[in-house]
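# Here is my input, please return the structure:
(one chain, ligands or ions: 1)
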Amino acid sequence: MPGAQGTVGSQQPVGVTGLQGARVVHRDGTVALDGVTLLAEPGEVLVVVGASGSGKSTVLRAIAGLVRLKSGSVLIDGSPTSASPQLRNVAMVFEDTQLMPFLTVARNMGFGLHTRHTPEDEAARRVTEQASRLRVRRLLHRLPNQISAGQRGQVGIGRALVMSPRAFLLDEPLAHVDAHERIRMRRVISETVRGAGVTTLWVTHDQDEALAVADRVALLREGAVVQIDAPRRMYDRPADLLVADFLGALPAGRLRATLVESGGQGGYRVGSRVLPTWRPLPPELTPWVGRDVVLGLRPEAVQVRSDDPDPHLARLDGLARWVERRGSDTYVTAVYGDGNRLVARDSGRSGARPGDLVPLLVDASRAMVCEPQSPHRVLFAPA
Ligand SMILES: Nc1ncnc2c1ncn2[C@@H]1O[C@H](COP(=O)(O)OP(=O)(O)OP(=O)(O)O)[C@@H](O)[C@H]1O
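Numbering: from 1, shown residues only. This next block holds a predicted model:
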């Protein structure tokens, strides 16, 4: 993780890059950003996630100067700027990369360097080097209409990565790359931006990508920042269940429950059953005793009953709705009445099929305890 603001070896002042209190309102009155403060530390990779329409692209476009702020400010390297986009010295990759159709791939990749009067041999060296890393070197002599859409995306990424900008702004850079190639490409991008020490804001829909490349993740919802945290912390301590759903392999299960306490230990009453936690209630939950909560249970806290069940786990039989196999794991989603549902992770042995009554074992000590109303703010998440 990069350090605080300061100076780098070249003695140039460095600082945060992003938006401060930014409000963006479109002509038709749509509020795309509503007081967003999103600042990446020098050299940090800050990944921006959120549902469609939450304002992710608008954040990048505002930093690049392509969208006007109604209020608030853009900071690049710690300095507020309202300069025109060409003068901001940021390199942007759009989801829908446009290349110049009459220039070869090599000329497209080197275009930014050319406009900055980088010496020809230096530009050619950087283009060839980056093309090799992205594995598009054999395409350098072709025209954009002679390569595939995915390859055009790779060239667009290369065009940005050859620059030495003050910030990289990557908007779904891997949207058109197939799943296999995406993992390799995200490593190349991550290594390049980190190697250059350049602050990067990276928008993605892909939670794996976010967790893999981010120093910190920012989650947007309806034009506002819900949470900014290191990936692990955001996964372990989500602000609410919608954040948890976003970062999980599958949405977390939800059980409506009443918080109870007996003999100094906490538990959750679900229907006529009490799921014991086998531990005292944490102080933050004591005001909630006797009140309704929603339990958020990630698949790792729920198992399909095996031959040798753990006696500390509570059994809840439910109707399997979906059974999905992913690698060595099988995920079984079971539904109960009252909108309750559980998702169990099973290490490949489950023969459960949709429609079966499945015995699920719940580790209540791993439940995230949340407010009863959506978005189910998390009151307590076990360590
Ligand atoms: N030109 C426009 N006029 C009016 N509203 C717009 C315009 N462009 C975007 N919006 C709205 O602004 C909001 C934010 O859009 P934005 O493109 O930033 O979302 P996003 O999170 O990047 O979505 P996606 O993941 O689908 O790309 C959305 O409600 C969108 O409908």
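# okay, now the closest residue to Val362 other than its chain neighbours: neighbour count?
Leaving aside its chain neighbours, Val362 sits nearest to Ala314 (5.0 Å; criterion: C-beta to C-beta, 6 or more residues apart in numbering). All C-beta atoms are positioned from the backbone trio N, CA, C, and that covers glycine. Here the count is done by other C-beta atoms under 10 Å, and Ala314 has 17 residues near it.
# so Ala314 makes contact with Gly271?
No. Ala314 is beyond contact range of Gly271, at 11.5 Å (criterion: C-beta atoms under 8 Å).
# ok so, going back, per-residue pLDDT, the residue nearest to Val362?
For Ala314, the model assigns a pLDDT of 88.
# cool, and Ala160?
Value for Ala160, per-residue pLDDT: 90.
# repeat for Glu44
What the model reports as pLDDT for Glu44 is 96.
# can you check Gln11 too?
On pLDDT, Gln11 comes in at 41.
# please renumber so the chain begins at 282
Renumbered: residue one is now 282, and that last one reads Gln292.
# Quick one: end-to-end distance for stretch 322-341.
15 Å (C-alpha to C-alpha, to the nearest Å).
# now it, how far from the centre of its chain.
Mean-position distance between stretch 322-341 and its chain equals 9 Å (C-alpha atoms, centre = their mean, to the nearest Å).
# So is that stretch next to the ligand?
Yes. Using C-beta under 6 Å from any ligand atom, stretch 322-341 comes into contact with the ligand via Gly331, Ser333, Gly334, Ser335, Gly336, Lys337, Ser338, Thr339.
# List the buried residues of that stretch.
With burial defined by 16 or more other C-beta atoms under 10 Å, the residues of stretch 322-341 counted as buried are 322-331, 335-341.
# Now go through those and say which are in strands.
Applying DSSP state E to those, the entries found in strands are Val326, Leu327, Val328, Val329, Val330, Gly331.
# Identify, from these, the entry nearest to the ligand.
Minimum distance to the ligand across these is 5.5 Å, recorded for Gly331 (C-beta to the nearest ligand atom).
# any idea which element the residue nearest to that closest one when sequence neighbours are not counted lies in?
In space, and not counting its chain neighbours, Gly331 is closest to Leu501: 3.6 Å by C-beta to C-beta, 6+ apart. Per DSSP states H and E: Leu501 is located in strand 497-502.
# and that strand, what's its mean pLDDT?
97.
# List the contacts of it.
317, 319, 321, 325, 327-332, 335-337, 340, 491-492, 506-512, 515, 520, 523-524, 527-528, 656 (C-beta atoms under 8 Å, 6 or more residues apart in numbering).
# go with 7 Å
Here strand 497-502 makes contact (C-beta atoms under 7 Å, 6 or more residues apart in numbering) with 319, 325, 327-332, 335-337, 491, 506-512, 515, 524, 527.
# do stretch 523-533 as well
In contact with stretch 523-533 (C-beta under 7 Å, 6+ apart) are residues 330, 488, 492, 500, 507-508, 515-516, 519, 522, 577-580, 612, 624, 649, 656.
# Buried residues of that stretch, list them for me.
Leu523, Val524, Ala525, Asp526, Phe527, Leu528, Gly529, Pro532, Ala533.
# what's the answer for stretch 429-438, then?
For stretch 429-438, the neighbour count (16+ other C-beta under 10 Å) marks Gln432, Arg433, Gly434, Gln435, Val436, Gly437, Ile438 as buried.
# Among the residues you listed, which lie within strands?
Using DSSP E, no member of the buried residues of stretch 429-438 falls in strands.
# can those go into CSV with extra columns for pLDDT and distance to Glu472?
Output for the buried residues of stretch 429-438, formatted as CSV (pLDDT from 0 to 100; distance: C-beta to C-beta, whole Å):
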residue, pLDDT, distance to Glu472
Gln432, 85, 20
Arg433, 87, 22
Gly434, 84, 18
Gln435, 85, 15
Val436, 89, 18
Gly437, 89, 18
Ile438, 88, 13
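# What is the nearest of those to Gly296?
Each of the buried residues of stretch 429-438 was scored against Gly296 by C-beta to C-beta, and Ile438 proved nearest at 26.1 Å.
# near the ligand, which residues of the chain?
His307, Asp309, Thr311, Ala313, Gly331, Ser333, Gly334, Ser335, Gly336, Lys337, Ser338, Thr339.
# Return the residues in contact with Pro382.
Applying C-beta under 7 Å, 6+ apart to Pro382 gives the contacts Leu424, Pro425, Asn426.
# Pull up the pairing partners for the strand ranked longest in the chain, direction included.
Once the chain is assigned using DSSP E, the strand that runs over the most residues is strand 595-607. Strand 595-607 sits in its sheet next to strand 610-616 (antiparallel), strand 638-643 (antiparallel), going by DSSP bridges.
# How far off centre is the last one?
Strand 638-643 sits 31 Å away from the centroid of its parent chain (C-alpha atoms, centre = their mean).
# Then the longest one?
When distances are taken as C-alpha atoms, centre = their mean, strand 610-616 is centred 23 Å away from the chain's centroid.
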